[in-house]
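# just need the structure, nothing else, for what follows:
(2 chains)
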Amino acid sequence: MKQFRCLRCGLLALCLLPLASCGSSSGPGGGPTLKVFNWGDYIDPEVTALFTQETGIKVIYTMFDANEDMYTSIRASGGVSHDVVIPSDYMIRKMINEDMLRTIDLDNVPNYALIDDRFKNLDFDPQNEYSVPYMWGTVGIAYNTTMVDEPIDSWTALWDTRYQKNIFMMDSVRDSLGITLKMLGYSMNTKNGAELEEAYNKLVEQKPLVLAYIGDEVKDKMIAGEAALAVVYAGDAITISEQNPDIAYVIPREGSNLWVDSMCILKTSENPEAAEAFINFMCSTPIALRNWEYINYSSPQKEVIAQMPEELQNSSARNPSAEELARCEVFEDLSQTTQYYEDLWTRLIGA
Amino acid sequence: MSRRLRLTAAPYALYALVFIAAPLLLILYYSLTTGQGATLSLDNFRRFFDFNDTVYLRVLWRSLWIAGVSTAICFVLGYPMAYILSRMKARTRNIVSFLFILPMWMNFLLRTYAWMTLLERTGVINTALKSVGLPSLEIMYTTGAVILGNVYNFLPFMILPIYTSLTKIDRNLIEASEDLGAGRAVTFFRVIFPLSFPGIMSGLTMTFMPAVTTFIISKLLGGGQNALIGDLIEKQFKVAGDWGFGSAMSVILMVLILLSMNALSRYEKENAGGGLM
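Sure, this is the predicted structure:
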């Protein structure tokens, strides 16, 4: 059943998106309502009901499948349709810059103390004013050990002609260009035209080897053994390897992307107290554990990390070592250069 | 038009104004803006028709080509089917046309997902082929898969209007043709086929239009490597956030479709008759 989960959630997200704009601050039955906007398949489905049980606040839960999607949807609705959103690092920076987020009163979020110090004072929110970390992880290669000749440890494997039409890339410009830049020894956040052009040419060279540029479906595809290599988020690699033990995950030696998805409150929120209560609830250890077990991504919670079974402590998908993390970069907001990235991507898939 | 008729038409007029005219005007307006201030300009159109950077024109050409091939295949498959259907006894005809419409009760997206599980390497078709010792087929993530998805999803839109116009043909005309000594082939090509033209025309437009604007089929079955114009439009709205350029591409597509429908309707007037459009 689990195999169909991402498909179902995707469809659900499609059905729910238009509904998001119909929500009002008090639900149909009266009483306070909180509108939460999160990634698809990114919460234990029972958690919102538990929150309602505990606080009496109804939750209207909607989903998106990319940061840009979420951003456009909030912009289009003027923000009134949501209270809590859970974007990633660079998007949080962009939203802070555009004055879309509200400062969070950490006095109302006592469970913030449970968050590991490694995930505080990050570049996108240096004073921890706007965001509370929810999940984090890396980007790497998931590979089917029965379909490759030797263990994979470099992005260059994705350019290896032996794996022609056996490679899934991400249908996302930041990730695909980012790993190529890393392979070439550049920063994932470069705004240097020559470096970007070089990375773009690499991707053009790689295109005949790629089976498809895809999104969430990569999980189902890799479980089924559709291809040898895929660029995936660490958490997805764990989901895949639970269903197909032949799958291994590696953070390539050239380094990769470290991302943090954090909970934020929109400036337009009509119910910021409920939003803070929700964020605090999500940070409580039992709920954080539930979500962590369901989603499979890495948790920034000290307690959750401490309670992980020992074999997971050493898994580079679940808990990458300090040395592996040192090679990783967090995405920054590219501001004006975003357009250039998008143009390169259009040229790649339109060629 | 009587006063009463005008009154009963009012809800439709209002509907058309709010849900058809207003969005079209909005799209037209957006297509003339670039996000920098409220000044109107043709920059978005210039960007599309930039002959130094022809990526958008090439994508448009690919979309037209794939939609054209899909429509042609739909016609070749659809016409005989519609013909056979129109010749059936009422009872069998109802059952068969019901079977044609049945898959359309299911969501379009789900039907396309179903094709993924059929076509992929570890999918139903390839597993079956392998089990009898045949080599597997590499259909998934090719242009062929996109065309297949188009044909499968839009074939009913070809069959139904042709079928309607075929059943409308006066039997007496066919009998007259036969009485006057024309063979079955001559009767078909000189009487039946020309009389079914209106149906063919609406079938062609009804198939071509969704095929040229699709984005989900090319994404799911094409693997996102050969973007169609629909993919680019979707990306402008959802990812790049450039509504102006997205609207401009929609306008260009709409103008193209309008022009071709206009050409078709001129044809239709010469061959007056019913049809869906």
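
# just the strands in the stretch 201-350 of chain A please.
Assigned by DSSP state E, counting those that start in this stretch, the strands in the stretch 201-350 of chain A fall at A:210-214, A:229-233, A:247-250, A:258-266.

# so does the third one get close to chain B?
It stands for strand A:247-250. No: against chain B, strand A:247-250 shows no contacts by C-beta under 8 Å from any C-beta of the partner chain, the least distance being 14.1 Å. Using the backbone N, CA and C atoms, a C-beta is placed for each residue, glycine as well.

# that strand - which strands sit beside it in the sheet, and in what orientation?
Using DSSP bridges, the strands paired with strand A:247-250 in its sheet are strand A:132-144 (antiparallel).

# buried stuff in the strand it pairs with?
By neighbour count on 16 or more other C-beta atoms under 10 Å in any protein chain shown, the buried set for strand A:132-144 is A:132-144.

# am I right that A:N38 sits in a helix?
No: counting by DSSP: H, G, I helix; E, B strand; the rest coil, A:N38 is not part of a helix but strand.

# could you check how many residues crowd around it?
For A:N38, the neighbour count with other C-beta atoms under 10 Å in any protein chain shown is 22.

# dump the residue contacts of the residue nearest to it when sequence neighbours are not counted.
Closest residue to A:N38 apart from its sequence neighbours, by C-beta to C-beta, 6 or more residues apart in numbering or on different chains: A:I86 at 4.7 Å. By C-beta atoms under 8 Å, 6 or more residues apart in numbering or on different chains, the contact set of A:I86 is A:36-39, A:42, A:134, A:261-264.

# can you tell me which residues in chain A are near chain B?
Counting by C-beta under 8 Å from any C-beta, the positions of chain A adjacent to chain B are A:7, A:11, A:14, A:66, A:68-69, A:71-72, A:75, A:165, A:171, A:173, A:207, A:210-214, A:217, A:221, A:224-226, A:338-339, A:342, A:346-347, A:349-351.

# can you list the buried residues in stretch A:236-243?
In stretch A:236-243, counting by 16+ other C-beta under 10 Å, buried: A:236-241.

# do stretch B:56-63 and chain A meet?
Yes: part of stretch B:56-63 sits near chain A under the criterion C-beta under 8 Å from any C-beta, namely B:56, B:58-59.

# list the buried ones in that stretch?
Within stretch B:56-63, the residues scored as buried using 16+ other C-beta under 10 Å are B:56, B:59-60, B:62-63.

# how about those in a markdown table, adding secondary structure and pLDDT?
Shown next, in a markdown table, are the buried residues of stretch B:56-63 (DSSP: H, G, I helix; E, B strand; the rest coil; pLDDT from 0 to 100):
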| residue | secondary structure | pLDDT |
| --- | --- | --- |
| B:Y56 | helix | 94 |
| B:V59 | helix | 94 |
| B:L60 | helix | 94 |
| B:R62 | helix | 95 |
| B:S63 | helix | 95 |
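
# just to revisit the earlier point, for A:D99, which of the strands of the stretch 201-350 of chain A is the nearest?
A:D99 lies closest to strand A:258-266 among the strands of the stretch 201-350 of chain A, at 10.8 Å (C-beta to C-beta).

# same for that closest one, what does it pack against?
Strand A:258-266 sits against strand A:84-85, helix A:89-97, strand A:101-102, strand A:132-144, helix A:272-283, with contacts defined as 3 or more C-beta pairs under 8 Å, 6 or more residues apart in numbering or on different chains; DSSP states H and E.

# could you list the alpha-carbon positions for the longest one in PDB?
I take that to be strand A:132-144. Provided in PDB are the C-alpha atoms of strand A:132-144 (Å, rounded to 0.1, in the frame of the first residue of the first chain):
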ATOM      1  CA  VAL A 132      11.500  26.700  13.600                       C
ATOM      2  CA  PRO A 133      13.200  23.700  12.000                       C
ATOM      3  CA  TYR A 134      11.000  20.700  11.200                       C
ATOM      4  CA  MET A 135      13.000  18.300   9.100                       C
ATOM      5  CA  TRP A 136      16.400  18.300   7.400                       C
ATOM      6  CA  GLY A 137      18.400  16.100   5.100                       C
ATOM      7  CA  THR A 138      20.800  15.900   2.200                       C
ATOM      8  CA  VAL A 139      20.600  15.200  -1.500                       C
ATOM      9  CA  GLY A 140      22.500  12.200  -2.900                       C
ATOM     10  CA  ILE A 141      22.500   9.300  -5.200                       C
ATOM     11  CA  ALA A 142      20.200   6.300  -4.600                       C
ATOM     12  CA  TYR A 143      21.600   3.300  -6.500                       C
ATOM     13  CA  ASN A 144      20.500  -0.200  -7.100                       C
END
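
# mean confidence for it?
Computed over strand A:132-144, the mean pLDDT rounds to 96.

# swap in stretch B:263-271?
The pLDDT scores in stretch B:263-271 average 69.

# try stretch B:193-211
Mean pLDDT, computed over stretch B:193-211, is 92.

# which bits of the stretch 101-250 of chain B sit near chain A?
B:107, B:109-110, B:113, B:116, B:120-122, B:138, B:140-141, B:219-220, B:222-227, B:231-232, B:235, B:237-242.

# which residues of the stretch 1-150 of chain B fall in strands?
Shown for the stretch 1-150 of chain B, no strands are assigned by DSSP E, counting those that start in this stretch.

# which ones are touching the residue in the stretch 101-250 of chain B positioned nearest to chain A?
Using C-beta to the nearest C-beta, the closest approach of the stretch 101-250 of chain B to chain A is made by B:G223 at 2.7 Å. B:G223 is in contact with A:210-214, B:140-141, counting by C-beta under 8 Å, 6+ apart.

# which among those residues gets closest to B:L32?
Closest to B:L32, out of all of the contacts of B:G223 and judged by C-beta to C-beta, is A:Y213, at 31.9 Å.

# distance of the closest one relative to A:V173?
As judged by C-beta to C-beta, to the nearest Å, A:Y213 and A:V173 stand 10 Å apart.

# now B:I252
Distance from B:I252 to A:V173, by C-beta to C-beta: 23 Å.

# so the two - more neighbours on which side?
More crowded of B:I252 and A:V173, by other C-beta under 10 Å: A:V173, with 22 against 19.

# filter the residues of the stretch 101-250 of chain B next to chain A down to the buried ones and hand me the PyMOL line.
In PyMOL, this line selects whichever of those come out buried by 16+ other C-beta under 10 Å:
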select buried, chain B and resi 113+116+120+121+140+141+219+220+222+223+224+225+226+227+231+232+235+237+238+239+240+241+242
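
# in helices, which of the residues of the stretch 101-250 of chain B next to chain A appear?
The helices, defined by DSSP state H, take in B:109-110, B:113, B:116, B:219-220, B:222, B:231-232, B:235 from these.

# what's the most distant pair in these?
Farthest apart among these - using C-beta to C-beta - are B:L110 and B:L232, which lie 24.8 Å from each other.

# in which helix or strand would I find the residue nearest the centre of chain B?
For chain B, B:T207 is the residue whose C-alpha lies nearest the centre (C-alpha atoms, centre = their mean; 2.5 Å). Take DSSP states H and E as the rule and B:T207 turns out to sit in helix B:197-213.

# output the below-cut-off pLDDT ranges for the chain.
Picking chain A for this. Across chain A, the ranges flagged by pLDDT under 70 are A:1-30, A:79.

# let's do chain B instead
For chain B, residues meeting the criterion pLDDT under 70 lie at B:1-2, B:36-38, B:267-277.
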